[in-house]
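# Let's see this in three dimensions:
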Amino acid sequence: MTLRQTLLATAVLSFASFGSAAAVELNISCGTVGKGQELCKEAVAEWEAKTGHTVNVISVPTSTTDQLALYQQILGSGSDDIDVFEVDVIWPGILGSHLLDLSPYTNGAEEDHFDAIIENNTYQGKLVAMPSYTDAGLLYYRKDLLEKYDLPEPTTWQELADTAKTIQDAEREAGNEKMWGFVYQAKAYEGLTCDALEWIDSFNGGSIVNAEGDITVNNPNAVEALDLAATWIGTIAPEGVLNYQEEDSRGVFQSGNAVFMRNWPYAWALSQSEDSPVKGKVGVMALPKGGEDGKQTGALGGWQLAVSKYTKNPEEAADLVMWLTRKDEQKRRAIEGSYNPTIVSLYDDPEILEAAPFIGQLQDTFSNAVARPSRATGANYNKVSNAFYNTVHEILSGKTDAEAGLADLERDLKRIKRRGW
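You can find the predicted model right below:
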């Protein structure tokens with residue numbers, strides 16, 4: 001019997017104790033990439049069987065930028081259209097005033113999670129979201145192709161570009177004209193903020209705005225990082241990457257048409273599925289350094305579950321959140337979907353490490369990931385990110401160079417900040 005079947009059987013047996021409770025209907029948004037929605041629906045079904053309540057899983061846009069705009073519209077109007085939201089790691093400070101304090105419903109479960117994530121999810125002293133999974137940007141690569149051409153794993157971005165070009169050209173000559181060296185997320189949306197922040201931080205160029213709220217993005221290291229990234233377009237990355245989100249990148253890589261891919265941990269389980277053309281041919285490592293004096297870094301990601309304070313059923317909605325973020329469910333998601341747990345003890349679980357070895361091997365990457373400046377910029381973060389990814393997109397598109405683009409960006413950020421964030 002699988003872990004999920006065991007949990008479901010236990011849930012069904014326990015339903016008798018809830019038999020006299022009045023059933024409610026909830027709406028939840030969850031899982032927009034990879035196996036996320038499938039796993040969410042399975043866990044929701046278990047909770048329905050356990051409680052007798054009904055849950056509708058609502059489809060929302062895959063773009064995190066579009067999701068946030070939708071959630072701000074729903075919550076800003078005081079609507080109860082969605083009871084439980086899946087929220088990005090950067091959103092508690094943006095949406096916190098509209099979210100329920102979950103502290104009365106946790107029974108201390110938050111103590112099992114990474115302290116930094118719990119702190120991130122605390123808004124004005126209230127725990128407004130429970131962690132579901134954490135992640136950081138990673139580099140996926142075709143280990144079979146590196147072996148074929150006797151090339152090492154790249155340690156710097158320049159080495160990645162050189163290796164990508166060598167293998168790309170050789171594979172095209174061998175007959176795969178669709179082969180590209182590197183795919184990633186370069187559409188003008190939140191995903192590009194993550195990718196570009198990784199490039200800049202790897203060159204020791206900071207994180208756009210520092211922890212004290214100072215605007216730091218206009219510096220020589222950031223210029224060097226973005227000028228280098230601009231050279232990839234049309235050489236090792238297709239022009240179309242300028243419109244790629246996560247699943248677009250994964251589609252190219254998993255079809256066997258890219259040497260390297262930047263993506264989140266969820267892509268591992270899908271690359272190893274039975275119908276994947278690259279099953280058994282993929283390696284995962286930390287993203288490259290900016291240079292010999294640079295550092296390996298990945299943007300901090302991850303998702304949480306939060307309850308709208310406008311819900312008509314706060315107790316049931318909070319109970320659903322606790323069910324979906326508990327230890328057994330995080331273990332199942334790690335094994336079946338390669339979603340990184342936020343519960344510390346699971347990083348020593350042998351079943352998880354067998355299913356997704358990189359979770360243990362790259363724990364430092366997840367622990368030391370570079371955070372987007374959402375805490376420093378507060379409610380203005382969305383404006384900051386929007387200005388940043390649009391500037392980077394113009395640099396990648398060749399409409400401006402990094403020096404001019406970052407100088408303009410600094411002026412824009414100063415206007416957004418005015419006298420304070």
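# So the residue nearest the centre of the chain: helix, strand or coil?
In the chain, the C-alpha nearest the mean C-alpha coordinate belongs to residue 301, at 4.0 Å (C-alpha atoms, centre = their mean). At residue 301, secondary structure determined by DSSP: H, G, I helix; E, B strand; the rest coil is strand.
# Surely it and residue 137 touch.
Yes. Using C-beta atoms under 8 Å, residue 301 is in contact with residue 137, at 7.2 Å. C-betas here are computed from N, CA, C, even on glycine.
# that older thread, could you measure from the residue nearest to the centre of the chain over to residue 225?
Separation of residue 301 from residue 225 (C-beta to C-beta, to the nearest Å): 19 Å.
# do residue 169 as well
Taking C-beta to C-beta, one finds residue 169 at 25 Å from residue 225.
# Any idea which helix or strand in this protein has the lowest mean pLDDT?
Least confident helix or strand of the chain, by mean pLDDT, DSSP states H and E, is helix 3-14 with a mean of 44.
# For the stretch 1-150 of the chain, which segments count as strands?
Assigned by DSSP state E, counting those that start in this stretch, the stretch 1-150 of the chain shows strands spanning 25-29, 54-58, 84-88, 122-123, 126-127, 130-136, 138-142.
# Sheet-wise, list the partners of the last one with their directions.
Which is strand 138-142. Strand 138-142 sits in its sheet next to strand 258-263 (antiparallel), strand 282-285 (antiparallel), going by DSSP bridges.
# Next, count neighbours for residue 27.
18 (other C-beta atoms under 10 Å).
# Would you confirm that it contacts residue 85?
No. Using C-beta under 8 Å as the test, residue 27 is too far from residue 85 to be in contact (9.7 Å).
# What separation do you get for residue 318 and residue 117?
On the measure of C-beta to C-beta, residue 318 and residue 117 end up 18 Å apart.
# who's more crowded, these two?
Using other C-beta under 10 Å, the more surrounded residue of residue 318 and residue 117 is residue 318, with 24 against 21.
# Could you measure from residue 328 over to residue 334?
11 Å.
# Which residue ranges of the stretch 251-400 of the chain form helices?
For the stretch 251-400 of the chain, the helices defined by DSSP state H, counting those that start in this stretch occupy 266-271, 314-324, 327-337, 350-355, 358-361, 363-367, 374-377, 381-396.
# Take those and write them to a markdown table, including mean pLDDT.
Putting the helices of the stretch 251-400 of the chain into a markdown table (pLDDT from 0 to 100) gives the following:
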| stretch | mean pLDDT |
| --- | --- |
| helix 266-271 | 95 |
| helix 314-324 | 98 |
| helix 327-337 | 97 |
| helix 350-355 | 95 |
| helix 358-361 | 84 |
| helix 363-367 | 80 |
| helix 374-377 | 90 |
| helix 381-396 | 97 |
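# So which of the ones you listed is nearest residue 259?
Checking the helices of the stretch 251-400 of the chain against residue 259 by C-beta to C-beta gives helix 266-271 as the closest, at 13.7 Å.
# just to revisit the earlier point, generate a markdown table for the helices of the stretch 251-400 of the chain, with distance to residue 230 as supplementary columns.
Converted to a markdown table, those look like this (distance: least, C-beta to C-beta, whole Å):
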| stretch | distance to residue 230 |
| --- | --- |
| helix 266-271 | 25 |
| helix 314-324 | 41 |
| helix 327-337 | 34 |
| helix 350-355 | 38 |
| helix 358-361 | 29 |
| helix 363-367 | 25 |
| helix 374-377 | 26 |
| helix 381-396 | 5 |
